[in-house]
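Undergrad: Sharing a model prediction with you, sequence too.
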Amino acid sequence: MNVKFINPFLEGTISVLKTMAFVEPRAGKPYLKVDSIAKGDVSGIIGLTGSAAGSLALSFSEGAILKIVSNMLGEDIKSLNSDIKDAVGEITNMISGVARKNLEAEGFYIQAAIPTVVAGKNHSITHVMGGPSLIIPFDIDEGSFVVDVCLSE
């Protein structure tokens, strides 16, 4: 995967979560993921086509997504419920949108499908392109999450 695809997703994640959920995500060191096990308890996955094709997944620990969605909705949510799942799909869509806009500024035109949300311990994420994906880990005080990107030109 081309390194020029990384920063738009990094920037999109930070921008959306600061603006919509009032949290300060701290990025860790990116690494290649070679298996299909999700790194969190609930994940949003969205297919991407165009100048580059593949998929984006966001996988949140329970603590992280409860804090993010509680902040977004202005209420204290205590468990993974339908509001959480709906919000994960919307967050995935928003981060994809910011990343695609940033990629468009670099001359890449990418369209996105409708996100799918999967929840449960040890669920799997299989990217449409197959092969390894790039994981960008993030932390907030309440937990961790990852941006999981698999794109090829």
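TA: Arrived safely, thanks for sending.
Undergrad: pLDDT weak spots in this structure?
TA: 1-3 (pLDDT under 70).
Undergrad: Any idea which residue is closest to the centre of it?
TA: Nearest to the geometric centre of the chain sits residue 58, at 2.6 Å (Cα atoms, centre = their mean).
Undergrad: burial count for the nearest residue to residue 41 once chain neighbours are set aside?
TA: Among residues not flanking residue 41 along the chain, residue 62 sits closest, at 4.5 Å (Cβ to Cβ, 6 or more residues apart in numbering). From N, CA and C alone the C-beta is placed, and that goes for glycine too. Residues lying near residue 62 (other Cβ atoms under 10 Å) number 17.
Undergrad: Please report the distance of residue 62 from residue 93.
TA: As judged by Cβ to Cβ, to the nearest Å, residue 62 and residue 93 stand 21 Å apart.
Undergrad: From the chain's centroid, how far away is the helix ranked longest in the chain?
TA: For the chain, the longest helix by residue count, based on DSSP state H, is helix 82-105. Distance of helix 82-105 from its chain centroid, counting by Cα atoms, centre = their mean, to the nearest Å, is 7 Å.
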